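# From the sequence below, what's the structure:
(chains A and B)
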Amino acid sequence: NAGVTQTPKFQVLKTGQSMTLQCAQDMNHEYMSWYRQDPGMGLRLIHYSVGAGITDQGEVPNGYNVSRSTTEDFPLRLLSAAPSQTSVYFCASSLRGRVLSDGYTFGSGTRLTVV
Amino acid sequence: EDQVTQSPEALRLQEGESSSLNCSYTVSGLRGLFWYRQDPGKGPEFLFTLYSAGEEKEKERLKATLTKKESFLHITAPKPEDSATYLCAVQGNNNDMRFGAGTRLTVKP
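Numbers count the residues shown, from 1 in each chain, chains lettered A, B, ... in the order given. From the prediction side, this is the model:
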């Protein structure tokens, strides 16, 4: 039981490049989400999914895209990287989802630098 | 809009010196208040959920309490291994989880 697995752990991109951050969980959690964490700020929700085939926007969705084709995987795509997207990205999942949250299980994060 | 403010931003304690971390919140219809621990370079680790004012939860040296406006995380006789950033989050009627910026706790031996 690996929990929530994020890859890569570190990434440097040039402005304008695109990439996909991977997130996989093996706990059969229906709810998955992506957050970014910036110094001095709380975690901010980018996108979330309440099940396969269902996604929705969070607080800061611009410049990011997601899809959920399986219960296990929830990749985050950066369409055209900008320096403002330099951050640490966390994937989180929950068994009971948004309505009756029982606390999230987080991955170990991807540290992204855009130059 | 839901808001979460944690104080202090940083706290340095001597081993054995008890203290409290504060989480003040405004939320439309509290569904739950959550405490997480985050170690450097790692993702947050879930500690507690509190659902209503007056509720308390304990885990080892940590005790979380909840009122209608704030939550406290009390740390009794802390050890160096309790050093971490502690995050507070609230979930309201819109189901979004709103996080505070955290309190960075350092416990010196």
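
# The lowest-mean-pLDDT helix or strand in chain B pairs with which strands, and in what direction?
Using mean pLDDT, DSSP states H and E, strand B:97-99 stands out as the lowest-scoring helix or strand of chain B, at a mean of 92. Next to strand B:97-99 in the sheet, as set by DSSP bridges, lie strand B:84-91 (antiparallel).

# Mind checking the pLDDT average for the partner strand?
Mean pLDDT, computed over strand B:84-91, is 96.

# contact partners of the least confident helix or strand of chain B?
Strand B:97-99 is touched from outside by A:35, A:42-45, A:101, A:104, B:2-4, B:25, B:27, B:34, B:87-92, with contacts defined as C-beta atoms under 8 Å, 6 or more residues apart in numbering or on different chains. (C-beta placed from N, C-alpha, C; glycine too.)

# Those residues of chain B touching chain A, which are they?
Residues of chain B lying close to chain A by C-beta under 8 Å from any C-beta of the partner chain are B:4, B:31-32, B:34, B:36, B:41-46, B:48-49, B:87, B:89, B:91, B:95-102.

# rerun that using 10 Å as the cut-off
Applying C-beta under 10 Å from any C-beta of the partner chain, we find that chain B lies next to chain A at B:1, B:3-6, B:9, B:31-32, B:34-36, B:38, B:41-49, B:87-89, B:91, B:94-102.

# what about burial for those residues, which qualify?
Neighbour-count burial (16 or more other C-beta atoms under 10 Å in any protein chain shown) is assigned, among the residues of chain B next to chain A, to B:4, B:6, B:31-32, B:34-36, B:38, B:43-44, B:46-49, B:87-89, B:91, B:96-102.

# quick one: residue B:21 is in a helix?
No: with DSSP: H, G, I helix; E, B strand; the rest coil as the criterion, residue B:21 is strand rather than part of a helix.

# Lovely, talk soon.
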